[in-house]
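Undergrad: Just to be clear, the model below is a prediction. Sequence and coordinates:
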Amino acid sequence: MRLTDINTVKQIMNEYNLNFKKKFGQNFLINASVPERIADECTDGNFESGILEIGPGIGTLTYELAKRYKKVVAIEIDATLIPALEYTLSEFDNVKIISADVMKLDIKELCEKEFEGMHFSVCANLPYYITTPAIMHLLESRAKFDYITVMIQKEVVARLCSKPGDSDYGAITASVSYYGSVKKLFSVPAGCFMPMPKVDSAVMRIKLYDEPPIDVMDTKIFFRVIKGAFAQRRKTLSNSLASEFGEFDRQTIAGIIEASGYNVSIRGEALGIEDYAKIADKLHEMKKK
Ligand code: SAM
């Protein structure tokens, strides 16, 4: 079955009485080489892996994943798509479809159950409306993924691949870099989807670290430092953190920034996670006093 063929997509949509739901970010792939390439590159070639897919749609990417990998578990929020998926993926016995909202699932528990004894990774053409919350939900689950490969808006990939001091660098960049290293795989023009979205996309792959690259005493404080550092761009880190950490007075915050080795007028977006960790540890120690 050629699920990227426009006439096939239209036929399936008609037969199952489906319509493209904007609220679920339904833009389906109609270019055959894209799902093939994503499926090929979403791991380091470990086809014995399990793959967790988010948002299978009518099964276009799922089909390519199922052809290659040992087991595919796909989570779809739109229950009306399930009968169509059962049809389009009927030739496979290594695919499980779960009708649910990924944001409401315990991802770690699900993966440990479905992929017991296996390596496993995420592969998804994510809906635009939940791109960053979905990535953070997967990372924060602490499920032991090898890779998280997602197709998302091109601009978000640029943001996630940026470095401290770049104009694109943001809280999400710093947060993701705590969990893994990000690599852009390739760009995908808007014309590869039906309906055609207003923006271009790109595929990126996060290789997750076995252990975080830095030690932090209190991860809650660490992520609050990151959040605070970017909450008010163009303000100094000292002012931004004073707003986030209302429990400390301004002089204490300024003192902590200087004691961590930074100029008090530095801006939050100039620093990397090692720097936020230093400041977070000092805040943690101060809290204990
Ligand atoms: N994988 C298909 C493809 O590449 O053609 C469809 C991708 S489409 C961009 C996103 C899919 O995610 C849709 O099928 C949509 O219904 C589903 N989706 C949206 N929000 C979701 C959520 N919270 N949990 C699970 N699936 C979701």
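TA: Structure's in. What do you need? Owing to the predicted nature of the structure, the values given are computational and were not obtained by experimental measurement. Numbering: from 1, shown residues only.

Undergrad: List of residues touching stretch 87-104?
TA: Stretch 87-104 has contacts (CB atoms under 8 Å, 6 or more residues apart in numbering) with 1, 3, 12, 16, 54-56, 58-59, 62-63, 66-67, 69-77, 79, 82, 85-86, 105, 110, 114, 130, 133-134, 137. Where C-beta positions appear, they are placed from N, C-alpha and C, glycine not excepted.

Undergrad: count of residues packed around the residue in the stretch 1-150 of the chain that the ligand sits nearest to?
TA: With CB to the nearest ligand atom as the measure, residue 55 is the residue of the stretch 1-150 of the chain nearest to the ligand, at 2.0 Å. Residue 55: 23 surrounding residues under other CB atoms under 10 Å.

Undergrad: Contact partners for it?
TA: Contacts of residue 55 by CB under 8 Å, 6+ apart are 24-25, 74-77, 102, 124-127.

Undergrad: same thing but 7 Å
TA: For residue 55, the contacting residues are 76, 124-127, by CB atoms under 7 Å, 6 or more residues apart in numbering.

Undergrad: Which of the contacts of stretch 87-104 fall within strands?
TA: Judged by DSSP state E, the subset of the contacts of stretch 87-104 located in strands is 54, 71-76.

Undergrad: any idea how far the residue nearest the centre of the chain is from residue 148?
TA: For the chain, residue 135 is the residue whose C-alpha lies nearest the centre (CA atoms, centre = their mean; 2.3 Å). Plainly put, residue 135 is 7 Å away from residue 148 if you go by CB to CB, to the nearest Å.

Undergrad: same check, this time on residue 132
TA: Counting by CB to CB, the gap from residue 132 to residue 148 is 13 Å.

Undergrad: how about stretch 140-151: buried residues?
TA: Neighbour-count burial for stretch 140-151, with 16 or more other CB atoms under 10 Å as criterion, is recorded at 141, 143, 145-151.

Undergrad: Any chance of a markdown table for those, columns pLDDT, distance to residue 287 and secondary structure?
TA: Output for the buried residues of stretch 140-151, formatted as a markdown table (pLDDT from 0 to 100; distance: CB to CB, whole Å; DSSP: H, G, I helix; E, B strand; the rest coil):
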| residue | pLDDT | distance to residue 287 | secondary structure |
| --- | --- | --- | --- |
| 141 | 97 | 27 | coil |
| 143 | 98 | 30 | coil |
| 145 | 98 | 32 | coil |
| 146 | 98 | 36 | coil |
| 147 | 98 | 36 | strand |
| 148 | 98 | 32 | strand |
| 149 | 98 | 38 | strand |
| 150 | 98 | 36 | strand |
| 151 | 98 | 41 | strand |
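
Undergrad: What values do phi and psi take at the residue of the stretch 1-150 of the chain closest to the ligand?
TA: Main-chain dihedrals, residue 55, degrees, to the nearest 10: phi 70, psi 70.

Undergrad: Just checking, which helix or strand succeeds whichever strand or helix holds residue 241 along the chain?
TA: Using DSSP states H and E, residue 241 maps to helix 237-244. Downstream of helix 237-244, the next assigned helix or strand under DSSP H and E is helix 250-259.

Undergrad: Other residues contacting that following helix?
TA: Contacts of helix 250-259 (CB under 7 Å, 6+ apart): 237-238, 241-242, 245, 264, 279, 282-283, 286.

Undergrad: Would you mind checking the residues you listed for buried ones?
TA: Using 16+ other CB under 10 Å, the buried ones in these are 237-238, 241-242, 245, 279, 282-283, 286.

Undergrad: would you list every one of the helices in this structure?
TA: 6-15, 33-41, 60-68, 82-88, 107-114, 131-140, 154-160, 171-179, 219-231, 237-244, 250-259, 273-288 (DSSP state H).

Undergrad: CSV for the ones in strands among the contacts of stretch 87-104, including pLDDT?
TA: Converted to CSV, the ones in strands among the contacts of stretch 87-104 look like this (pLDDT from 0 to 100):
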residue, pLDDT
54, 98
71, 98
72, 98
73, 99
74, 98
75, 98
76, 98
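
Undergrad: Name the residues of the stretch 1-150 of the chain found near the ligand, please.
TA: 24-29, 54-57, 60-61, 75-78, 101-103, 125, 127, 130 (CB under 6 Å from any ligand atom).

Undergrad: Mind giving me the ChimeraX select for those residues, buried ones only?
TA: Here is the ChimeraX command that selects only those of these that count as buried (16+ other CB under 10 Å):
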select :24,25,26,27,28,29,54,55,56,57,60,61,75,76,77,78,102,125,127,130
